[in-house]
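Chemist: sequence and predicted model, in that order:
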Amino acid sequence: MPNPLEAVRAYAKSMGVELNEQDTSSILDVPIRPLGVSMPPVIAIPTEGEVRTALLYGDTHFPNHDPKALAIVGQIAADLKPHVLVHMGDLLDCYLLSRFDKNPERMETLQDEINMARQHLAQMRLLTPDSQFILLEGNHEDRLRRTLWNLEGTAKALTSLTNFRKSLTWFSLLGLDEIGVTFAPYDGTQSKHKFLPKWILKHGTIIRKFSGYTARGEMEKYGRSGASGHTHRLGAHFHQDHNGNHCWVETGCTCLLNPEYMVDPDWQQGCVVLTFEPTTGAFQAEPIYIHNGLAVWRGRVYRA
């Protein structure tokens, strides 16, 4: 391989110039000059308060919850301190109110489910004392309404009592007022609440085969950005049209992945962090995948 110093000396000699070792050393030791391109301007970092954050998680299905998944969601909530904390629904399984076959070996009562769910909500409130805390009712909690509406015989007369109806609501049974939790029923009003800027929140009414497919279906239905649970999958669908840029996310689940009614389900445990610039509605959606009690988010490893 030719010596570059000798090549420089030979070229100089052919031009009638004699170079010594010091000359060639100085020629090759020229400092690198910056490229002749303009640098983009430095954008100021927004001051505190210019962005808002939301943490979405759900489909816990007490008593079929996964304590490890919930522990990781709690760790993320404690670090993020979101402006808005949302449980996306199906907090309880309401197993005994189901119309499906029931395992006689299961011992948990509906009151057991309520106690576990209330304890979890209280723990999350302690982790994020300043967050707006929202609980969306899911289709599993809606089993209570269907049960009451289908009472027969003399028991049906109880549903005409005002205090009876007030007492047998999730807002009352879970003591949400004491914990400071806003409740959004599983009805036609859920998607109309303005909890987040330009985003719809709902438990979900659509289930499609693969991750992200349901998100696309919900977006096609509403034509705007939003989030839903129900599928027990993590997923996202992005879309751009003349009305702007849109995203719909599926928020995963925090229940166990071995249900008695299904073998090897295609479910993913996780949660979603949303970051908003309130004035323009610009956003960033970050699905956080939880696998075997471990998650990675923003350069940190969360373990349970």
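Modeler: Great, that's in hand.
Chemist: please count neighbours and contacts with C-alpha atoms only from this point.
Modeler: Fine.
Chemist: all strands for the stretch 151-300 of the chain, in order.
Modeler: Along the stretch 151-300 of the chain, counting by DSSP state E, counting those that start in this stretch, strands occupy 181-184, 200-202, 226-228, 234-241, 244-251, 269-276, 283-290, 294-297, 300-303.
Chemist: pLDDT value on the nearest residue to Ser167 once chain neighbours are set aside, please?
Modeler: Excluding its sequence neighbours, the residue lying closest to Ser167 (CA to CA, 6 or more residues apart in numbering) is Leu173, at 6.9 Å. Predicted confidence (pLDDT) for Leu173: 97.
Chemist: and for Gly212?
Modeler: 95.
Chemist: now swap in His239 and tell me
Modeler: 94.
Chemist: is Thr53 bridged to anything, and to what?
Modeler: Note on Thr53: beta-bridge partners by DSSP bridges are Thr275.
Chemist: hang on, it packs against His83?
Modeler: Yes: here Thr53 reaches His83: they are 5.4 Å apart, a contact under CA atoms under 8 Å.
Chemist: circling back: do you know which of the strands of the stretch 151-300 of the chain lies nearest Pro40?
Modeler: strand 283-290 (22.3 Å; CA to CA).
Chemist: domains of this protein?
Modeler: With automatic domain parsing as the criterion, the domains of the chain are listed as 1-39, 52-303.
Chemist: and the gap between Thr128 and Phe164?
Modeler: In this view, Thr128 and Phe164 are 33 Å apart by CA to CA, to the nearest Å.
Chemist: who's more crowded, these two?
Modeler: Thr128 (21 against 11; other CA atoms under 10 Å).
Chemist: and the closest residue to that one other than its chain neighbours, what's its pLDDT?
Modeler: Excluding its sequence neighbours, the residue lying closest to Thr128 (CA to CA, 6+ apart) is Lys81, at 5.7 Å. Note for Lys81: predicted pLDDT of 96.
Chemist: Lys81 and Asn245, how far apart?
Modeler: Lys81 is 27 Å from Asn245, by CA to CA.
Chemist: looking at the two, which is more packed in?
Modeler: Lys81 (18 against 13).
Chemist: run through the residues that contact that one.
Modeler: Leu127, Thr128, Asp130, Ser131 (CA atoms under 8 Å, 6 or more residues apart in numbering).
Chemist: repeat for Cys253
Modeler: Applying CA under 8 Å, 6+ apart, the residues contacting Cys253 are 57-60, 229, 232-234, 267-271.
Chemist: how near is the closest residue to Tyr302 other than its chain neighbours to Ala71?
Modeler: Counting by CA to CA, 6+ apart, Tyr302 lies nearest to Ala295, which is 5.1 Å off, once chain neighbours are set aside. In this view, Ala295 and Ala71 are 11 Å apart by CA to CA.
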